[in-house]
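A predicted structure for the sequence below; I have some questions about it.
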Amino acid sequence: MKRKILYISSEAYPLIKTGGLADVAGSLPTALHNNDQDVCLLLPAYQTILDKLSEKKVVAETSHYGQEIRILETTLPGSSIKTWLVDCTQMFDRPGNPYLADDGISWPDNAERFALFAQTAVDIALNRCGLSWQPDVVHCNDWQSALVPALLKTFPKGPATVFTIHNMAYQGIFSSQTFFDLGLPAGLWGMYGLEFHDQFSFIKGGLVYSDRINTVSPTYAKEIQQAEFGYGLDPLLNHRSQQLSGIINGIDTDVWNPETDKLLVQNYSRDSLRGKLENKLVLQKQLNLPVKKGIPIIAMISRLVEQKGLQSILDAMPELMQLPLQIVILGSGEKHYEEALLDWANQFPDKLSLTIGYNEVLAHQIEAAADMYLMPSTFEPCGLNQLYSLCYGTLPLARNVGGLADTVIDTNDLTLADNSANGFIVSQNTAESLLSTLKQALETYQNQKLWKQLQHNAMSPDRSWQSSALQYIDLYEKAIQDNSHRF
């Protein structure tokens, strides 16, 4: 059945990106549209986005918190997805990161910024902006839009709501006074509402009030119901376990596909891997590494934060630098990790290449050139880079957590026998476990016939959004049914 879906996100590639949420928000709406759903994407009108768009028009106006707000209409680049932008100069016309100032500290008015975003989303969801379009389902993502389900539940006969958790570690926690300063409905306060240990929790808006909750892998849906991964909200998630599910992210195979990727020196496929070697040799030269086809490249494209296993990597670095390999890292994050890695790169310039920052072109080139991908995360809701790596025949070395456990299949006698092996599992969050797994991978790499079989295994499955989009459509129907029982 064709449904109207308002898809709300704080970022979407290629307009604005800080992490995997942007990749999902930039590709899932298109997959839903391709499955005959009427989808509109809603984003804040950051200055970075406005600078990228040549065509946009004002289609509605509203106001909240004493601010005049314009709704701008455009199209998500590279798609036909109608995109609405919440344009409020006071809140969103500022440089750089959507959430952080240049000093890396959160914008002090983030609660007001995203409350205004949520209030405007509610106006659109209730068709109060004169857009002549009212959604059947409002799909919210992460804490920045989590107030929307809570606010909608204060109105009779509002649309159904779905809330997707991309990372439980980020919850949008503010002082209790902030709740009252924002003039939110008093009925939303309290331990069964938006209060969390005497503070105001944005994410609880999605967890308490959405008709359906999902996260981005089946394993992570189970993990967040445990204290280790639930960040204090595991009792609530257990309480709502019947409404909680996990759907593995897909990837945009128009963007991430080694056969068609225009950013590569040479395209290649699972049946013709010679082009992968050409990409490797070019990248080695480009990054001033010794050009040697027989030495494996271990890649990492990531936020440089504890979650991504940076501590175990640094603890292993003295021994890593003695192994026959080259390591290529692209990313940015916590300064102490950046500085520690830079120190190792300066000591071993022919073994470790470090690029601080993010570069989309280089990210594609690294995925195509590398032999292995390093992802020893302490937790990983889904992970996209292991999916990109699998598509590019770059075998992941990954922890058995979250979406990594659902997508990376360890190489052993059983998985080799049934041709399902596609990577190597790091069983514990320690340098010793990482080194043990890496040495196994390096040994396997010496058997190039076996290695090519693993690459073929990795590159064979369809990792597009098609299957996941159908699961989301089914989730929307369940949300609509649940919402109908309110009345």
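Structure's in. What do you need?

Look up how far Ala160 lies from the residue nearest to Asp136 when sequence neighbours are not counted.
Closest residue to Asp136 apart from its sequence neighbours, by CB to CB, 6 or more residues apart in numbering: Arg3 at 4.4 Å. Yep, even glycine has a C-beta here, placed from its N, CA and C like the rest. Distance, Arg3 to Ala160, using CB to CB, to the nearest Å: 9 Å.

any common contacting residues for the two?
Shared contacts of Arg3 and Ala160, defined by CB atoms under 8 Å, 6 or more residues apart in numbering, comprise 136-137, 476, 480.

Quick check: the residue nearest to Asp136 vs Pro135, distance?
Remark: distance between Arg3 and Pro135 (CB to CB) = 8 Å.

In helices, which of the shared contacts of Arg3 and Ala160 appear?
Secondary structure defined by DSSP state H assigns 476, 480 of these to helices.

Name the pair among the shared contacts of Arg3 and Ala160 with the greatest separation in space.
Asp136 and Tyr476 (7.4 Å; CB to CB).

hey, what's in contact with both of these two?
Common neighbours of Asp136 and Tyr476 (criterion: CB under 8 Å, 6+ apart): 3, 5, 160.

Can you tell me which of these is nearest Met300?
Minimum distance to Met300 across those is 34.9 Å, recorded for Ile5 (CB to CB).

which residues does the closest one contact?
Ile5 sits in contact with 29, 32, 37-40, 135-139, 476, where contact means CB under 8 Å, 6+ apart.

One more: Asn429?
The neighbourhood of Asn429, defined by CB under 8 Å, 6+ apart, consists of 309, 312, 376, 378, 399.

Restricted to strands, list the residues you listed.
In strands, judged by DSSP state E, the following of the contacts of Asn429 are found: Arg399.

Select from the contacts of Asn429 the one having the most neighbours.
Using other CB atoms under 10 Å as the contact criterion, the top neighbour count among the contacts of Asn429 goes to Pro376, which has 29 neighbours.

could you check the distance from the residue nearest to that residue when sequence neighbours are not counted over to Asn167?
Take Pro376 and drop its neighbours on the chain: the residue closest to it by CB to CB, 6+ apart is Gly309, 3.4 Å away. Remark: distance between Gly309 and Asn167 (CB to CB) = 15 Å.

Same question for Ile313.
Per CB to CB, Ile313 is found 20 Å from Asn167.

Same check on Gln481?
Here the criterion is CB to CB. By it, Gln481 lies 28 Å from Asn167.

coming back round to it: what's the farthest-apart pair in the contacts of Asn429?
For those, and using CB to CB, no pair is farther apart than Ser312 and Arg399, which are 9.3 Å apart.

overlap in contacts of those two?
Taking CB under 8 Å, 6+ apart as the contact criterion, the residues that touch both Ser312 and Arg399 are 376, 429.

So Gly187 is in contact with Leu194, correct?
No: in this structure, Gly187 is not within contact of Leu194 by CB atoms under 8 Å, at 10.1 Å.

Gln67 is in contact with Thr120, correct?
No: the pair Thr120 and Gln67 does not pass the contact test of CB under 8 Å, sitting 9.8 Å apart.

who's more crowded, those two?
A direct count of neighbours by other CB under 10 Å for Thr120 and Gln67 places Thr120 higher, at 28 against 14.

Tell me which other helices or strands whichever strand or helix holds the more buried one touches.
Assigned by DSSP states H and E, Thr120 falls within helix 110-125. The helices and strands touching helix 110-125, judged by 3 or more CB pairs under 8 Å, 6 or more residues apart in numbering; DSSP states H and E, are strand 4-8, strand 38-44, strand 57-64, strand 67-75, strand 82-87, helix 89-92, strand 137-141, helix 147-152.

Looks like Pro396 contacts Asp410 (just checking).
No: taking CB under 8 Å as the definition, Pro396 is not a contact partner of Asp410, at 10.2 Å.

who are the neighbours in contact with Arg113?
Neighbouring residues of Arg113 by CB under 8 Å, 6+ apart: 44, 91-92, 107.

Sticking with Asp23, tell me its helix or strand.
For Asp23, the element it lies in under DSSP H and E is helix 20-25.

tell me which residues in the helix or strand just after that helix are buried?
Later in the chain than helix 20-25, the nearest helix or strand by DSSP H and E is helix 28-34. If you call a residue buried by 16 or more other CB atoms under 10 Å, then helix 28-34 has these buried ones: 28-33.

For Glu477, which residues are in contact?
Contact partners of Glu477, counting by CB under 8 Å, 6+ apart, are 1, 3.

Quick check: it vs Ile5, distance?
Using CB to CB, one gets 12 Å for the distance from Glu477 to Ile5.

same question, Thr378
Looking at Thr378 against Ile5, where the rule is CB to CB, the gap reads 33 Å.

repeat for Asn267
34 Å.

thinking His355 is in contact with Ile329, fair?
In this structure residue 355 is Thr, not His. Yes: proximity of Thr355 to Ile329 meets the contact threshold set by CB under 8 Å, at 7.1 Å.

ok so, going back, list just the nearest of the contacts of Ile5 to Tyr388.
After measuring the contacts of Ile5 against Tyr388 - CB to CB - the closest member comes out as Pro29, at 19.6 Å.

Is the closest one in contact with Leu42, as I believe?
No: because the distance of 10.3 Å does not satisfy CB under 8 Å, Pro29 is recorded as not touching Leu42.

Name the residues contacting each of those two.
Residues touching both Pro29 and Leu42 comprise Tyr7, with contact defined as CB under 8 Å, 6+ apart.

Can you list the residue ranges for helices in the stretch 351-487 of the chain?
Residue ranges of the helices in the stretch 351-487 of the chain, as given by DSSP state H, counting those that start in this stretch, are 360-369, 385-391, 402-407, 413-417, 431-445, 448-459, 466-484.

Ok, which of these comes nearest Tyr337?
Scanning those with CB to CB as the criterion, the closest one proves to be helix 431-445, at 14.7 Å.
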